[in-house]
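**Student:** Build the 3D model from these lines:
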Amino acid sequence: MNLLEVKHLTKTFDNKKILDDVNLVIPDGKIIGLLGKNGAGKSTLIKSINDLLTIDEGEILFKGKKLGVYSKENISYLPERTYLDKGMKVSEVIDYFSEFYKDFDKERAYRLLKDLKLDADKRIVKMSKGMQEKLQLILVMSRDADLYVLDEPLSGVDPATRDYILDTILSNFKEGASIIISTHLITDIERILDEVIFIDEGKIVLNSSADELRNKEKSSIDEIFRRIFKC
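**Tutor:** You can find the predicted model right below:
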């Protein structure tokens, strides 16, 4: 059984198809890059996978079941925008997540706080955008989920910190789980990807093993992306 299946998914906003007959299979134990230009449909697909949008046509199955309580309990989602209550302290947010999610590892969260040099007693309102994004990533990666879905996890992080963040992701997800990373920073994440999905105008235009694609095209994933999309 596949971890996630997206079948003939279509979503329309204001008479425009944002997703157009999207079909995907996400297996266990893979790190997958969801790559596309702004407005290509990446965030709409991610929100659909996390059951945050009503789809117009098609279906999404998580471990063979329709999305619902079970999928929410087993998919850990990092949205593109900060959603935390800025009046709370970091420690209070960790306590909240620990109570809300049965699979939340509080000890891991505090270890990651220390690794990423974040103060547990600090209020979120006093933190920079980059610090808030690090905190959100810690919260997501401290769950023992079957699927981690990360929407632009590096966008607010300075270049010097990106490799450290990627190593944090690599060393803190459950064995056998999969990760979907949506990003425009392809060069930064390319080294960790097992598979890549290119999306354009709501359609999947390429779905391949990262190594096979690099060997076939004799180019990096970033170079292939720029060639296909004429960046």
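
**Student:** contacts and neighbour counts: CA atoms only from here.
**Tutor:** OK.

**Student:** What does the pLDDT read for the spatially most central residue of the chain?
**Tutor:** With distances taken as Cα atoms, centre = their mean, the residue of the chain nearest its centroid is residue 150 (1.5 Å). Residue 150 is assigned a predicted lDDT (pLDDT) of 94.

**Student:** give me the element it is part of.
**Tutor:** strand 147-151 (DSSP states H and E).

**Student:** What is the following helix or strand past that strand packed up against?
**Tutor:** Of the helices and strands lying after strand 147-151 in sequence (DSSP H and E), the nearest is helix 159-170. The elements that helix 159-170 packs onto, with contact taken as 3 or more Cα pairs under 8 Å, 6 or more residues apart in numbering; DSSP states H and E, are helix 186-189.

**Student:** partners of the next helix or strand after the helix it packs on, with directions?
**Tutor:** The first helix or strand that comes after helix 186-189 along the chain, using DSSP H and E, is strand 195-200. Strand pairing for strand 195-200, determined by DSSP bridges: strand 31-35 (parallel), strand 203-209 (antiparallel).

**Student:** Dump the longest one to CSV, restricted to CA.
**Tutor:** Written as CSV, here are the backbone C-alpha positions of strand 203-209 (Å, rounded to 0.1, in the frame of the first residue of the first chain):
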residue,chain,number,x,y,z
LYS,A,203,-0.3,20.0,-13.9
ILE,A,204,2.5,17.5,-13.0
VAL,A,205,5.0,17.9,-15.8
LEU,A,206,7.8,15.7,-14.4
ASN,A,207,7.9,13.0,-11.7
SER,A,208,11.3,11.2,-11.3
SER,A,209,14.0,9.8,-9.1
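
**Student:** mind checking how far it is from the chain centre?
**Tutor:** Distance of strand 203-209 from its chain centroid, counting by Cα atoms, centre = their mean, to the nearest Å, is 17 Å.

**Student:** Contacts for it next, please.
**Tutor:** 19-23, 194-199 (Cα atoms under 8 Å, 6 or more residues apart in numbering).

**Student:** Next, the buried residues of that strand.
**Tutor:** 203-204, 207 (16 or more other Cα atoms under 10 Å).

**Student:** out of the strands paired with strand 195-200, which comes closest to residue 70?
**Tutor:** strand 31-35 (21.7 Å; Cα to Cα).

**Student:** Turn the strands paired with strand 195-200 into a markdown table, including mean pLDDT.
**Tutor:** Formatted as a markdown table, the strands paired with strand 195-200 follow (pLDDT from 0 to 100):
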| stretch | mean pLDDT |
| --- | --- |
| strand 31-35 | 96 |
| strand 203-209 | 96 |
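
**Student:** Tabulate those (TSV), appending distance to residue 131.
**Tutor:** Formatted as TSV, the strands paired with strand 195-200 follow (distance: least, Cα to Cα, whole Å):
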stretch	distance to residue 131
strand 31-35	23
strand 203-209	33
